Structures are given as C-alpha cells and as structure tokens.
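> Build me a model:
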Amino acid sequence: MLELIKKYHPNQGASQQARVISLFSLVGMSMTFLMGAISFLGSDNALTVVLFLASLTYLLSFLFVKRLNVSVSANLIIYSLYLLMFYLVFSGGVSQTGPLWIFIVAPVSVYVLGLRQGIMNLLIFLFVISAIMFMPQSLIAHAAYSNEFKIRLILSFLTMSFLSALYEHLRMLSYKNALEISRQYQQLAMRDPLTKLANRRNAAAILEQEKARLQRNNEPLSVLLCDLDHFKSVNDKYGHNAGDMVLTELSALFTEQVRQQDCVARWGGEEFLIILPQTTSEQAGVIAEKIRSSVENHTLQFLDNKIQVTISIGISQLSQDQTIDELINNADKCLYQAKTLGRNRVHP
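From the prediction side, this is the model:
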C-alpha cells in the first residue's frame with residue numbers, strides 16, 4: 001500500500017502541473033493573439049509579428065502537453081516567455097509599457113522549473129533585462145527609460161521574485177508534509193500498532209501479490225499459522241501489560257528467524273501468519289520447527305517474573321487451484337490438529 005502512496009503523489013503532482021501549463025498556454029495564446037491584433041490595427045508591424053509568433057508558440061505548448069510530455073511544453077513556455085519579455089523591454093512595447101509585463105516571469109519560472117532552477121533562471125533573466133535597459137544608446141538603439149524607472153523596475157522585480165520563491169518553498173513544504181502524513185496514515189492502516197508487524201489486511205494483500213508472482217514463475221508458496229499456547233493464562237496471571245510484552249518480544253523473535261523476503265504478520269489476537277515465498281511445505285516445516293524451538297527456549301522477563309511460552313504451528317502450501325482463503329483455512333486446520341495433539345508442536 002505504501003508503494004501505491006509513493007506512486008500516487010508524484011502522478012498527482014505531474015497531472016496538476018500539466019493542467020496548469022495547459023491553462024497558462026491557453027491564456028498566453030489568447031492574450032498574445034489579442035495584443036497582436038491590437039498591435040496590427042496600430043500598424044506596429046514588428047510587435048505584431050512577435051506577438052503572433054508568441055501566440056503560435058503557446059498553441060504548440062498546449063498541443064505538446066496533450067500529445068507529448070510536460071517538460072517540452074514547460075521549456076517552450078518559459079523560454080518563449082523570456083524572449084518575448086526581452087523584446088518588450090528592448091522595444092518598449094506600446095507606449096513604453098513593455099517592461100511592465102516582466103512581473104509574470106517570476107511566479108511562472110519557479111512553479112514550472114522548480115525552486116532552485118527557477119531562481120537561477122530569474123537571476124540570469126534579471127541580468128539580461130538590466131543589460132538591455134542600461135545598454136548605451138550609442139551601441140544599439142533601443143527604448144529609453146529614466147534611471148528612476150529602471151531602478152524601481154529592478155527592485156520591484158526582485159521583490160516579486162522573492163515572494164514567488166517564498167511561496168513555492170512553502171508550497172513544496174506543504175506538499176512534503178501532506179505526503180508524510182499520508183505515509184503515516186498508511187503505515188497505521190497496514191501495520192499492527194502493538195507489534196509493528198504487518199496486520200491482517202496487509203498480509204492478505206501480500207499473499208495475493210505473492211500468489212500472482214510465484215504462479216507466473218511456477219514457484220511454491222507456503223504459510224505458517226502460529227498460535228501462542230495458553231496465552232489467556234499469561235494475561236490472567238501477569239496482566240495485560242505482560243501479555244502485550246510477550247506479543248511484542250515474540251514478534252521480534254519471529255522476524256529474526258525468517259528470511260528477508262518472508263513476511264511476519266499479526267493475524268489476530270495471539271495468532272501470527274508467516275508468509276514464505278519460494279518455499280515448499282517440507283522446507284516450511286524446517287523453518288517452523290526452528291521457530292517453535294526458539295520460542296520454547298526463550299525466557300521472557302516481565303518485571304520480576306520470568307515467563308515461558310510455547311507455540312503451535314500449522315503449515316500449508318498453496319496448490320495451483322487453491323484460493324488464498326483455502327490456503328489459510330488449510331493452515332488453520334493444521335494448527336487445530338497441532339493444538340489437539342498436545343500443543344507446542346508443528347503440523348503436519
């Protein structure tokens with residue numbers, strides 16, 4: 001289930017970014033086309049061509065989001081936007097208002113490119129804009145602005161860039177916190193709170209996954225169903241805190257006795273299920289006897305009391321035509337036989 005969480009959140013982020021880029025592309029296409037039409041009526045041919053080219057670029061960006069990938073559209077948006085802003089600052093746009101459009105660059109850059117790359121791009125963008133505005137007229141003729149306007153424009157752009165970066169930083173922190181909270185909730189949903197082992201629901205999901213995987217490879221799958229003998233007497237004699245301690249310590253003992261690919265789960269109450277992939281019933285019997293012996297020879301200490309417990313274990317191997325429920329039911333029957341035959345034993 002945790003794997004599903006990890007898969008879900010990045011996909012959700014990419015999907016949201018694609019929607020934002022699509023929206024920005026449509027808005028950018030519409031606005032630049034409208035401004036190009038107005039510029040055409042005003043007989044500013046150079047500005048008209050630039051705006052219509054920008055509108056076409058945003059249209060391509062929108063199509064790339066739908067048919068190719070987000071990164072291509074993101075690069076088209078960002079770098080065509082930069083070029084358009086450079087031209088507006090250089091030419092002055094309509095009535096020297098071109099530089100006023102540069103403020104949209106900051107939030108778009110940090111959102112589309114990410115915080116670190118966005119900030120680097122903004123610094124480069126600001127350097128180019130400053131170079132254009134402060135470039136001597138004798139070198140290349142361009143729109144002239146007063147020094148007061150240029151300084152205030154740069155300071156305003158720096159302020160907008162800082163606020164945009166701060167917002168993006170807080171947005172990413174919020175996203176990471178939400179991801180961590182989701183992970184913790186999933187951990188609680190799929191783990192037994194006392195023993196920290198997989199719970200029944202988690203174990204059932206793992207069994208289904210292992211069944212599908214191992215059947216494709218024609219490999220065996222066995223389970224051990226373990227039950228503590230006379231566990232009620234432990235609770236009655238020493239109290240429920242002692243019973244919880246026994247379950248917790250035995251959980252750690254079970255985990256130590258199995259392989260890394262195996263799964264130990266708390267099946268319910270004092271019952272534990274151990275899933276053994278790539279294991280026949282004969283091999284499972286060896287593992288079960290090792291676990292049974294370890295528990296029998298293990299002394300648990302609770303306050304001043306030494307507690308000895310034993311376990312009974314039922315073994316079941318999955319056959320080709322069996323369901324998971326039938327596998328567990330068979331293990332439960334074997335466990336019942338082990339109890340009937342005197343407990344502290346493995347069956348079959």
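
> How about Ala242, nearest residue that isn't a chain neighbour?
The shortest distance from Ala242 to any non-neighbouring residue, by C-beta to C-beta, 6 or more residues apart in numbering, is to Phe302 (4.4 Å). Heads up, the C-betas are built off the backbone N, CA and C, glycines and all.

> What residues sit buried inside stretch 336-348?
338-339, 344-347 (16 or more other C-beta atoms under 10 Å).

> correction: stretch 155-174
Residues of stretch 155-174 classed as buried under the neighbour-count rule (16+ other C-beta under 10 Å) are 157, 160-161, 164-165, 168.

> Export only the CA atoms of stretch 171-187, formatted as CSV.
Below are the C-alpha coordinates for stretch 171-187, written out as CSV (Å, rounded to 0.1, in the frame of the first residue of the first chain):
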residue,chain,number,x,y,z
ARG,A,171,4.1,25.1,-1.3
MET,A,172,6.7,22.3,-1.5
LEU,A,173,6.9,22.1,2.3
SER,A,174,3.2,21.7,2.4
TYR,A,175,3.3,19.0,-0.2
LYS,A,176,6.0,17.1,1.6
ASN,A,177,4.1,17.4,4.9
ALA,A,178,1.0,16.1,3.3
LEU,A,179,3.0,13.2,1.8
GLU,A,180,4.5,12.4,5.2
ILE,A,181,1.1,12.5,6.9
SER,A,182,-0.3,10.2,4.2
ARG,A,183,2.6,7.8,4.7
GLN,A,184,2.0,7.7,8.4
TYR,A,185,-1.7,7.1,8.0
GLN,A,186,-1.0,4.3,5.5
GLN,A,187,1.5,2.9,8.0
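
> Figure out how far it is from the centre of its chain.
Relative to its chain's centre, stretch 171-187 lies at 9 Å (C-alpha atoms, centre = their mean, to the nearest Å).

> Looking at the buried residues of stretch 336-348, which are in helices?
Within the buried residues of stretch 336-348, residues falling in helices by DSSP state H are 338-339.

> Going by distance to Val112, which of the buried residues of stretch 336-348 wins?
Val112 lies nearest to Val346 out of the buried residues of stretch 336-348, by C-beta to C-beta, at 61.3 Å.

> Which strand residues bridge that closest one?
Beta-bridge partners for Val346, by DSSP bridges, are Ile313.

> Is Leu194 in a helix, a strand, or coil?
Here Leu194 is recorded as coil under DSSP: H, G, I helix; E, B strand; the rest coil.

> Neighbours of it, how many?
Leu194 has 13 neighbouring residues, counting by other C-beta atoms under 10 Å.

> so it touches Thr248, yeah?
Yes: counting by C-beta atoms under 8 Å, Leu194 touches Thr248, with 6.3 Å between them.

> Just list the residues touching the residue nearest to Ala242, thanks.
By C-beta atoms under 8 Å, 6 or more residues apart in numbering, the residues touching Phe302 are 238, 241-242, 245-246.
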